[in-house]
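K.L.:
How does the following fold in three dimensions:
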Amino acid sequence: MAFVFSLMLQACGGGETHRPAVSAPGKDYASRPPVQRSLPPAYPRQQRGDLYDIIGTASWYGGKFHGRRTANGEVYDKNQLTAAHPTLPFDTWVDVTNLRNGRTITLRINDRGPFIKGRVIDVSQHAAQQLGFVNDGITRVGIRIRRPGRG
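P.N.:
From the prediction side, this is the model:
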């Protein structure tokens, strides 16, 4: 009987040893080096024929941030022509052009963001309406630094 049982086990197992699909419990992942997050320089030079200082994807923010403090201490107003940039100094004035429709407006940097990889600027809801992308959520923009801020 034991002989038959051992034959059945060999037939089912195929002679292979079992290997776990995932790493063994207790594996120490804390020993891995931390991921370094680096911000772009304040004035990236991604020019297209000297038209723009920065070219990339813009998004907008409004509703849930309306009335909250921005990174420079102001109260955010979704109806103003302001924007958030990761590194440009506060009170920097920029011309933002929607590259899909050619609309351009001037905005003042008063906040930090966007915090989503691949986006270069977050504009207020009113700015997104003026630029014509409030319904799309994001658009490709060219940014020209008009007057640097105080930092």
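K.L.:
Quickly note the distance from Pro89 to Asp53.
P.N.:
With distances taken as C-beta to C-beta, to the nearest Å, Pro89 is found 14 Å from Asp53. Yep, even glycine has a C-beta here, placed from its N, CA and C like the rest.
K.L.:
ok, the two, which is more surrounded?
P.N.:
More crowded of Pro89 and Asp53, by other C-beta atoms under 10 Å: Asp53, with 18 against 14.
K.L.:
Which phi and psi values does the more buried one adopt?
P.N.:
Note on Asp53: its backbone torsions stand at phi -80, psi -30 [degrees, to the nearest 10].
K.L.:
so where's the chain shaky on pLDDT?
P.N.:
By pLDDT under 70, the weakly predicted segments of the chain are 1-50, 151.
K.L.:
Hmm, Leu99 is touching Val141, no?
P.N.:
Yes: assessed by C-beta atoms under 8 Å, Leu99 is found in contact with Val141 at 6.0 Å.
K.L.:
Common neighbours of those two, please.
P.N.:
Ile55 (C-beta atoms under 8 Å, 6 or more residues apart in numbering).
K.L.:
Neighbour count: the two, which is higher?
P.N.:
Neighbours were counted for Leu99 and for Val141 using other C-beta under 10 Å; Val141 has more, 27 against 16.
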